[in-house]
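S.K.: Here is a sequence with its predicted model. Questions after.
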Amino acid sequence: MVDHNDWNQPWFSQLNWVMGNLEKLDLDSNQKLVVAVIAYLNDTHSPFTPDIICEKTGLDDSVVFGVYDFLEAAGYGKTDTRNKQLYFNIEGLLELPTPDLDNPVSQSLIREFSMEFGRPLSGSEMERILQLADQYEEDTIIHALDEASAYNKRSLNYVEALLSGWKARGLDAVDIENGKR
């Protein structure tokens, strides 16, 4: 599960998380649409008003208010203020089960990739990183990320290719640190 401390960090994309977990959310299509727009507005620090939600979704205001009521009643969200601006906090969605982000190694790897790539990661990228963490030592993954950055090849495909090549040659983190490639 994503840590509540991560939810409002600049590197974390609420919209990417929502889209990556959309099928797990026990919401109807209107509710999912409103949640996605709320996540977008939160990510972009855009003003939040029911009128903006109605405009972006094309939904009637009674439907939008019904979604707000449902989200608050289900504990998924609440209206709040941040920097003297109104926003809808959907942090309650984190209580839903998600991929194994409880693992501190996974969290640190995802944070490393996000910082190195200079952008929030998509749900599929996070999932691929979690799969890498199951196959390789964290140090080896970090070395591959560092090498990809050194060559200005900041892509998950490049990191995976490095790891695969190193594994085929029987190299581990110690070998990489000692300059063997």
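M.R.: On my side now, so go ahead. Since the structure is predicted, the reported quantities are computational estimates derived from the model, not experimental observations.
S.K.: drop to CA atoms for contacts and neighbour counts, all remaining ones
M.R.: Will do.
S.K.: Val34 - how many residues pack around it?
M.R.: When neighbours are defined as other CA atoms under 10 Å, Val34 has 20 of them.
S.K.: shaky segments in the protein?
M.R.: Low-confidence segments of the chain, defined by pLDDT under 70: 1-5, 96-107.
S.K.: Could you chop it up by domain?
M.R.: Structurally, the chain divides into domains by automatic domain parsing as follows: 14-95, 104-177.
S.K.: mind putting those domains in JSON lines, distance to Trp7 included?
M.R.: Conversion of these to JSON lines gives the following (distance: least, CA to CA, whole Å):
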{"stretch": "domain 14-95", "distance to Trp7": "7"}
{"stretch": "domain 104-177", "distance to Trp7": "12"}
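S.K.: For Asn8, find the nearest of these.
M.R.: Nearest of these to Asn8, taken as CA to CA: domain 14-95 at 8.1 Å.
S.K.: After the host helix or strand of Val159, heading C-terminal, what element do we hit next?
M.R.: Following DSSP states H and E, one finds Val159 within helix 156-168. Next in sequence after helix 156-168, counting helices and strands by DSSP H and E, comes helix 173-177.
S.K.: Tell me how far Ile176 lies from Arg169.
M.R.: 11 Å (CA to CA, to the nearest Å).
S.K.: I meant to write Glu177 there.
M.R.: From Glu177 across to Arg169, the span is 15 Å (CA to CA).
S.K.: Would you confirm that Phe65 belongs to a helix?
M.R.: Yes: assignment of Phe65 by DSSP: H, G, I helix; E, B strand; the rest coil places it within a helix.
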